[in-house]
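Undergrad: this one's structure only:
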């Protein structure tokens, strides 16, 4: 029996509290995972897990073995990371998750650069705005916008997003343009709900060091960034998307910036990963690459600019209907 493999399978089963989920995230048949744990217990002569119909519980021996196995695997990963880093050839499957807007507008158009540098890494890219449980779903790294609540994860700040308050000309013609946040109670917003609470987010404003949050009503709420922008284009209310998401629409006049004297609160962009992925060469080179990609675009450093950024190869003239900005190819 491959003891290191058995340790990894055991640790994964405990992390996700499921044989089937462990098998799925490890890319193994469920029967293979079950057999591995049974053989491990037989080899050690102890029971590591108590199985019930609903969950798995560690025995005292299992808890002791988990602590030792986790330490050994971390040391093995660190040793291998040193050699891999020296060869500069990280390899294997890397599963990442990110907001759809960042994936579609920034990462995917430049992904050929990453594969040119690291041809032996197989990327699995999930895109969406729903919360992801990295451990339960076997995700190596996520890119997230906003303040982070989970202190059990490691986060590296790689950029910032400056939102812009805007609305369609049709909406403003029908409802008027607010002169200050105090007038927003007479307006509707395209509401965005995210996180596990499902509550719509308030509009935020900063001026003279003072931050204001303005909860607003509306006729539609979405949890997808692309749908959020589309609702704004259709005149369903005021919205605060990232400037990088709507720059062409602002330039074409399909959306109009409002409340320019009240700047929306800038939001951090972070790469987040579990502690056991901290030393992974695959994660490290991917996060370094994304951070460098963002550095080439002022719009992804939180700057409130309309200029051209250097991301990827030189971009052609952006047509008004193309939902991207000049920092993205």
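TA: The structure has been received and is ready for your questions. Since we're looking at a predicted model, the values are computed, not measured. Residues are numbered from 1 along each chain as shown.

Undergrad: can we go C-alpha only for contacts and neighbour counts from here?
TA: OK.

Undergrad: now do the strands in the stretch 201-329 of the chain.
TA: Under the criterion DSSP state E, counting those that start in this stretch, the stretch 201-329 of the chain carries strands at the ranges 203-207, 210-214, 221-222, 256-257, 267-273.

Undergrad: can you list the ones you listed in JSON lines and add distance to residue 162, mean neighbour count and mean pLDDT?
TA: Listed next are the strands of the stretch 201-329 of the chain as JSON lines, based on distance: least, CA to CA, whole Å; neighbours: other CA atoms under 10 Å; pLDDT from 0 to 100:
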{"stretch": "strand 203-207", "distance to residue 162": "11", "mean neighbour count": "18", "mean pLDDT": "90"}
{"stretch": "strand 210-214", "distance to residue 162": "15", "mean neighbour count": "13", "mean pLDDT": "88"}
{"stretch": "strand 221-222", "distance to residue 162": "20", "mean neighbour count": "18", "mean pLDDT": "92"}
{"stretch": "strand 256-257", "distance to residue 162": "13", "mean neighbour count": "17", "mean pLDDT": "96"}
{"stretch": "strand 267-273", "distance to residue 162": "6", "mean neighbour count": "22", "mean pLDDT": "90"}
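
Undergrad: could I get those as CSV with distance to residue 281?
TA: Below are the strands of the stretch 201-329 of the chain laid out as CSV (distance: least, CA to CA, whole Å):
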stretch, distance to residue 281
strand 203-207, 38
strand 210-214, 40
strand 221-222, 36
strand 256-257, 42
strand 267-273, 13
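
Undergrad: among those, which is nearest residue 239?
TA: strand 203-207 (7.8 Å; CA to CA).

Undergrad: out of the strands of the stretch 201-329 of the chain, which is closest to residue 172?
TA: That would be strand 256-257 among the strands of the stretch 201-329 of the chain, by CA to CA, at 8.8 Å.

Undergrad: now do that closest one: which elements does it pack against?
TA: Applying 3 or more CA pairs under 8 Å, 6 or more residues apart in numbering; DSSP states H and E, we find strand 256-257 packed against strand 166-167.

Undergrad: okay, now the domains of the protein?
TA: Per automatic domain parsing, the structural domains of the chain span 3-87, 92-151+270-300, 166-257.

Undergrad: would you mind giving those domains as TSV with distance to residue 264 added?
TA: Putting the domains of the chain into TSV (distance: least, CA to CA, whole Å) gives the following:
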stretch	distance to residue 264
domain 3-87	39
domain 92-151+270-300	13
domain 166-257	4
